[in-house]
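**Q** Give me a 3D structure for the following:
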Amino acid sequence: MVSMRDVAQHAGVSVGIVSRVFNQDPTLKITIATRQRVLTTAQTLGFRHKPRKLQRGSKTSREKQIYVAVITSYEQRHEVSDPYFLALRNGLAEGAQNQQIHLDYLFTLHSDKKPWDELTRYDAVILIGTFSEQLLATISTYNKHLVIIDDHRELPNYDVVHNDFYYQTICLLEHLYHQGHRKIAFLGVQIPLYDCNGNVTEWIKDVRQVAYDQWMEQKKMPQAGYCEILTTWEIQAVIKSTHRLMNLPTPPTAIITSSDPIAIILYNVLNENGWQIPEQVSVVSFDDIEYSRFLIPSLTTIQPNTATMSKVALRLIMEQLNDQRQPGISVEVASQLIERHSVIDLN
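**A** Numbering: from 1, shown residues only. You can find the predicted model right below:
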């Protein structure tokens, strides 16, 4: 069994720091990067921490802290490498620390062991990602206090927090259109819905693809071959899609990618093949990861407000618990366009 000492050794910190991170000690002064390293190391090693409430069940502990289990639909490699997920996780950690909420990342849908029955021992559950509706119904039988983060579907029986990427996609398209672009491509991924075993039950359209398709139809300018949808985040898939787009008889003058990591691969392929950004093709994206401003040219991208998304999720949990409010609230959190130098005006 993995111990706190094992986590401390692999993370390069003391056992005391590991303990205080997992017990949400508000007096602990460490950087977000260190906190994230401890949490990521623990998850990689398979460390399971039982909160004090679950260990002793003391009434005093129950009155002081709220205990929340977190389950994600992401694969572990995606969790530790995706800047968007890490930002959500950091936002939850900061918000929980301020509100005396203890977070326990119980498992992912891809974990070998999934102790669903342990959900009954927590005050509430946060779900990050996309879960099949059947699985959501199953989870709610273990714990009725659920909040879902990062799901754009209509889920009237649950509290949901998501970004405004549909609206932002429309804004990006209008922005490019008014700058003279008519050959606008989209490069994104399908969204998987998972069952309790981590198997994909269905693939659904990303909300950005939905916005792109609807806008193209409205403008009466749908163009065959301009929408490349991936079912994997593998680099080779992005490379092949980029080549297909740029080798069309009439290549796009602008490409919208659904994430900055995809845009970075796109940049590399374009540069290696002599396609100039933005002179030959403009590129816009989503996420505003730190590296995007250091690309040449710097990347125009949508910055999601992950900190607010996390805080809203925690607030919804407290409303359910304190006000005995029935779930069914959907909150859309505004994002921001960060204009840099990857778009050219064709007018």
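
**Q** So what's the residue count around Lys220?
**A** Lys220 has 6 neighbours, counted by other C-beta atoms under 10 Å. For glycine as for every other residue, the C-beta is placed from the backbone atoms N, C-alpha and C.

**Q** which SSE is it in?
**A** Under the criterion DSSP states H and E, no helix or strand holds Lys220.

**Q** give me phi/psi at it?
**A** Lys220 has phi and psi values of phi 60, psi 40 when expressed as degrees, to the nearest 10.

**Q** So it versus Ala87, what's the distance?
**A** Distance from Lys220 to Ala87, counting by C-beta to C-beta, to the nearest Å: 38 Å.

**Q** In terms of secondary structure, what does the lengthiest helix in the chain contact?
**A** Determined from DSSP state H, the single longest helix within the chain is helix 306-323. Judged by 3 or more C-beta pairs under 8 Å, 6 or more residues apart in numbering; DSSP states H and E, helix 306-323 is in contact with strand 66-72, helix 83-98, strand 124-128, strand 146-149, strand 159-163, strand 330-333.

**Q** Can you list the buried residues in it?
**A** By neighbour count on 16 or more other C-beta atoms under 10 Å, the buried set for helix 306-323 is 306-317, 319-320.

**Q** Please apply the same query to stretch 137-157.
**A** Buried residues in stretch 137-157, defined by neighbour count with 16+ other C-beta under 10 Å: 139-140, 142-143, 145-153, 155.

**Q** Can you name the two of those residues that sit furthest apart?
**A** Spanning the widest gap among the buried residues of stretch 137-157 are Tyr142 and His152, at 24.4 Å by C-beta to C-beta.

**Q** Find the least confident helix or strand in the protein, judged by mean pLDDT.
**A** Ranking every helix and strand in the chain by mean pLDDT, DSSP states H and E puts helix 59-64 at the bottom, with a mean of 50.

**Q** I'd like the distance between the residue most central in space within the chain and Glu133.
**A** Nearest residue to the geometric centre of the chain (C-alpha atoms, centre = their mean): Phe85, 4.1 Å. The gap separating Phe85 from Glu133 is 22 Å, by C-beta to C-beta.

**Q** Please report the separation between the first and final residues of stretch 105-119.
**A** Stretch 105-119 stretches 11 Å from its first residue to its last (C-alpha to C-alpha, to the nearest Å).

**Q** Check stretch 127-136 too.
**A** Start-to-end span of stretch 127-136 (C-alpha to C-alpha) is 9 Å.

**Q** Tell me the buried residues in the helix or strand Arg35 falls within?
**A** Taking DSSP H and E as the criterion, Arg35 maps to helix 32-45. For helix 32-45, the neighbour count (16+ other C-beta under 10 Å) marks 35-44 as buried.

**Q** ditto for stretch 225-236
**A** Within stretch 225-236, judged by 16+ other C-beta under 10 Å, the buried ones are 226-228, 230, 233.

**Q** Compute the first-to-last residue distance for that stretch.
**A** End-to-end distance of stretch 225-236 (C-alpha to C-alpha): 18 Å.

**Q** which residues touch it?
**A** Applying C-beta atoms under 8 Å, 6 or more residues apart in numbering, the external contacts of stretch 225-236 come out as 78, 183-190, 203, 209, 212-213, 237-238, 241, 244-245, 248, 252, 261-262, 265.

**Q** Spit out the contact partners of Pro251.
**A** Applying C-beta under 8 Å, 6+ apart to Pro251 gives the contacts 183, 245, 280-281.

**Q** my read: Ile239 touches Val269, true?
**A** Yes. Using C-beta atoms under 8 Å, Ile239 is in contact with Val269, at 5.4 Å.

**Q** Mind checking which of these two has more residues around it?
**A** Per other C-beta under 10 Å, whichever of Ile239 and Val269 has more neighbours is Val269, with 18 against 15.

**Q** Now do the same for the more buried one: its pLDDT.
**A** Predicted confidence (pLDDT) for Val269: 98.

**Q** what does the one 5 residues further on give?
**A** The confidence metric pLDDT takes the value 96 at Gly274.

**Q** Also the one 4 residues further on?
**A** Reported pLDDT at Pro278 in the predicted model: 98.

**Q** How about the one 10 residues further on?
**A** Looking at Asp288, its pLDDT is 95.

**Q** So it lies in a helix, does it not?
**A** No. Asp288 is assigned coil when assessed by DSSP: H, G, I helix; E, B strand; the rest coil, not a helix.

**Q** wait, what's in contact with the closest residue to it other than its chain neighbours?
**A** Leaving aside its sequence neighbours, Asp288 sits nearest to Gln303 (C-beta to C-beta, 6 or more residues apart in numbering; 3.6 Å). Listed by C-beta under 8 Å, 6+ apart, the contact partners of Gln303 are 287-288, 335-338.

**Q** And the pLDDT at Gln303?
**A** Note for Gln303: predicted pLDDT of 97.

**Q** mind checking how far it is from Gln168?
**A** In this view, Gln303 and Gln168 are 10 Å apart by C-beta to C-beta.

**Q** And for His175?
**A** 10 Å.

**Q** now Glu290
**A** Counting by C-beta to C-beta, the gap from Glu290 to Gln168 is 19 Å.

**Q** more neighbours, these two?
**A** Gln168 (21 against 9).

**Q** what's the helix or strand for the more buried one?
**A** Assessed by DSSP H and E, Gln168 sits inside helix 165-178.

**Q** again, but for Leu337
**A** Assigned by DSSP H and E, Leu337 belongs to strand 336-338.
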